[in-house]
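Participant: how does the following fold in three dimensions:
(chains A, B, C and D)
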There are 2 protein chains.
Amino acid sequence: MAAKPFLPVLYELARTFQAFDSFSAGHVRELGLTPSQFDIIATLGNTQGIPFKELGEKTLITKGTLTGVVDRLVEKKLVKRVACPKDGRRQYVQLTAAGEQVFAQVFPEHLAHLEQVFSGYTQQDFDNIVAVLQKLKQAFQATGTPMEEAE
Amino acid sequence: MAAKPFLPVLYELARTFQAFDSFSAGHVRELGLTPSQFDIIATLGNTQGIPFKELGEKTLITKGTLTGVVDRLVEKKLVKRVACPKDGRRQYVQLTAAGEQVFAQVFPEHLAHLEQVFSGYTQQDFDNIVAVLQKLKQAFQATGTPMEEAE
DNA sequence: TATTGTTATACTCTATAACTATA
DNA sequence: TATAGTTATAGAGTATAACAATA
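Facilitator: Residues are numbered from 1 along each chain as shown, chains lettered A, B, ... in the order given. The predicted structure follows:
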């Protein structure tokens, strides 16, 4: 098999993301939330509520799964469902007062937690990493994922 | 809310990984493998077998979970357990002939597609990206795990 | 008929802890 | 005692398809 000089890139990309994901998930779990639940809280934060379908698109959670995840957040009284007055099929998902409080307290905590990782980095480092990753991401996207993008 | 200059880094890391992940997700699903299972196949590829514990460390799958994931791959006859002759508690996880075949057939297919993505890159680009990602990964690992210093 | 969201299946992953067997 | 791996438990996410209500 011919050597593929880009394989280390993919390996590091995957392992670095996993390291971030694991790091993040570990902290999130300490707060009593699963990664999916935290994703939803974070997505709903600073909004007036988001349509169910749009929430699924943003979090990449399919609708059948999302119903269950939202159910568990409703049980925890962190979010609520609000019927759409204009379309009886639709509904909004919205943070409750308790959910807002979690967002206001926990999200900054989470960012502070993440901030530790970057204590040795400069703004120039950030710019460099972002540029490297953006170029890579755009290469993947340009090469063609069969994903349909409606916007 | 104070600006967090590292947030774009995390955003791009996640989105770039997602772009890569969705790029290869099709093949994985065609094989009837879950992401975790595919991760293990890929990790075992081109090795003589990897100790169970090391496999868990590389894939960030905890031992209790890993037993189940390996079990399912054993059922599919893609990997096998091999006892360590020097330490009766340890064992290696190794691709079977069928597992090797999956790795050998499917990976080049991916690589052929992936190669297009990197057509504009030089070896120096690869080295740069890997260095950037490794540093970031190690930052997460160093900050995230209060493990008894392993190295 | 098409769309939104729920329900029903069935499976997989997940962390945790207790357990077995080696060392 | 310590380590490697399994088993047990309980929960949560996942895809998929069938379904109800609404448009």
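Participant: just to be sure, A:Ser24 is in a helix?
Facilitator: Yes. Counting by DSSP: H, G, I helix; E, B strand; the rest coil, one finds A:Ser24 located in a helix.
Participant: what about it, how many residues close to it?
Facilitator: As a burial measure, A:Ser24 scores 20 neighbours (other C-beta atoms under 10 Å in any protein chain shown). (Glycine included, C-beta is placed from N, CA and C.)
Participant: list the contacts of it.
Facilitator: A:Pro35, A:His110, A:Leu114 (C-beta atoms under 8 Å, 6 or more residues apart in numbering or on different chains).
Participant: pull out the buried members of those residues.
Facilitator: Buried members of the contacts of A:Ser24, scored by 16 or more other C-beta atoms under 10 Å in any protein chain shown, are A:His110, A:Leu114.
Participant: format the contacts of A:Ser24 as JSON lines; extra columns: distance to chain B and pLDDT.
Facilitator: Putting those into JSON lines (distance: C-beta to the nearest C-beta, whole Å; pLDDT from 0 to 100) gives the following:
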{"residue": "A:Pro35", "distance to chain B": "12", "pLDDT": "89"}
{"residue": "A:His110", "distance to chain B": "11", "pLDDT": "77"}
{"residue": "A:Leu114", "distance to chain B": "7", "pLDDT": "81"}
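Participant: the contacts of A:Ser24 in helices, which ones?
Facilitator: Using DSSP state H, the members of those that fall in helices are A:Pro35, A:His110, A:Leu114.
Participant: so where's chain A uncertain?
Facilitator: A:1-3, A:141-151 (pLDDT under 70).
Participant: need the nearest residue in space to the spatially most central residue of it, chain neighbours excluded.
Facilitator: Geometric centre of chain A, nearest residue: A:Asp39, 4.5 Å, by C-alpha atoms, centre = their mean. Distances taken as C-beta to C-beta, 6 or more residues apart in numbering or on different chains place A:Thr59 nearest to A:Asp39, at 4.9 Å, with adjacent residues excluded.
Participant: what's the local residue count around that neighbour?
Facilitator: With other C-beta under 10 Å as criterion, A:Thr59 counts 18.
Participant: return the member of the contacts of A:Ser24 nearest to DNA strand C.
Facilitator: Ranked by distance to DNA strand C (C-beta to the nearest atom of the strand), those are led by A:Pro35 at 9.0 Å.
Participant: strands of chain A, residue ranges please.
Facilitator: Per DSSP state E, chain A carries strands over the ranges A:50-51, A:79-83, A:91-95.
Participant: next, the contact list for the closest residue to A:Val74 other than its chain neighbours, please.
Facilitator: Excluding its sequence neighbours, the residue lying closest to A:Val74 (C-beta to C-beta, 6+ apart) is A:Lys80, at 6.5 Å. Contact analysis of A:Lys80 by C-beta under 8 Å, 6+ apart lists A:Val74, A:Val93, A:Gln94, A:Thr96.
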